[in-house]
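Trainee: build me a model:
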Amino acid sequence: MLSLIELMLAVLLINIPFGYWRSKADRFSRHWMMAVHIPVPLVFLLRIISGFSWTIIPLLMVSFATGQFIGGNIRNIFYMHKI
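Mentor: Okay, the predicted model is just below:
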């Protein structure tokens, strides 16, 4: 069983590659939607396996968004250095 901090860190780390993918897709395109929604079942399963109730979902949403944001910024940083 994961602690709350470990679960939030796992959610953040799961979302970094998806945020990277999302940042290079056109907004609201099929790829953008997939990059945002594919990690949702993974996060749901992690929460259930960890034994937490639905009350921690707002904290997981913050971790989710932070991972997406970090992944997008990583891609933008790498892209800027290639120019």
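Trainee: please look at residue 25 and residue 36 and confirm they touch.
Mentor: No: using CB atoms under 8 Å, residue 25 makes no contact with residue 36, being 9.4 Å away. Placement of C-beta: from N, CA and C, glycine included.
Trainee: those two - which one has more neighbours?
Mentor: It is residue 36, of residue 25 and residue 36, that has more neighbours when counted by other CB atoms under 10 Å, with 18 against 15.
Trainee: by contact count, what packs against the helix or strand harbouring that one?
Mentor: Element membership of residue 36, judged by DSSP states H and E, is helix 30-37. When contacts are defined as 3 or more CB pairs under 8 Å, 6 or more residues apart in numbering; DSSP states H and E, helix 30-37 packs onto helix 4-23.
Trainee: got the buried residues for the helix it packs on?
Mentor: Neighbour-count burial for helix 4-23 flags 7-8, 10-12, 14-16, 18-23 (criterion: 16 or more other CB atoms under 10 Å).
Trainee: for that helix, packing partners?
Mentor: helix 30-37, helix 39-50, helix 57-82.
Trainee: the first one - what's its average pLDDT?
Mentor: Going back to what we said before, that points to helix 30-37. The pLDDT scores in helix 30-37 average 97.
Trainee: quick one, grab the pLDDT at the most centrally placed residue in the chain.
Mentor: The centre of the chain sits closest to residue 15, judged by CA atoms, centre = their mean, with a distance of 2.3 Å. We note a pLDDT of 97 for residue 15 in this prediction.
Trainee: next one: residue 59
Mentor: Listed pLDDT for residue 59 reads 97.
Trainee: cool, and residue 2?
Mentor: On pLDDT, residue 2 comes in at 86.
Trainee: ok, the closest residue in space to it that isn't next to it in sequence - contacts?
Mentor: Take residue 2 and drop its neighbours on the chain: the residue closest to it by CB to CB, 6 or more residues apart in numbering is residue 50, 4.4 Å away. Counting by CB atoms under 8 Å, 6 or more residues apart in numbering, residue 50 touches 1-2, 7.
Trainee: let's have the residues you listed in a markdown table, adding distance to residue 58.
Mentor: Formatted as a markdown table, the contacts of residue 50 follow (distance: CB to CB, whole Å):
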| residue | distance to residue 58 |
| --- | --- |
| 1 | 20 |
| 2 | 17 |
| 7 | 13 |
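Trainee: please consider this matter closed, and thank you.
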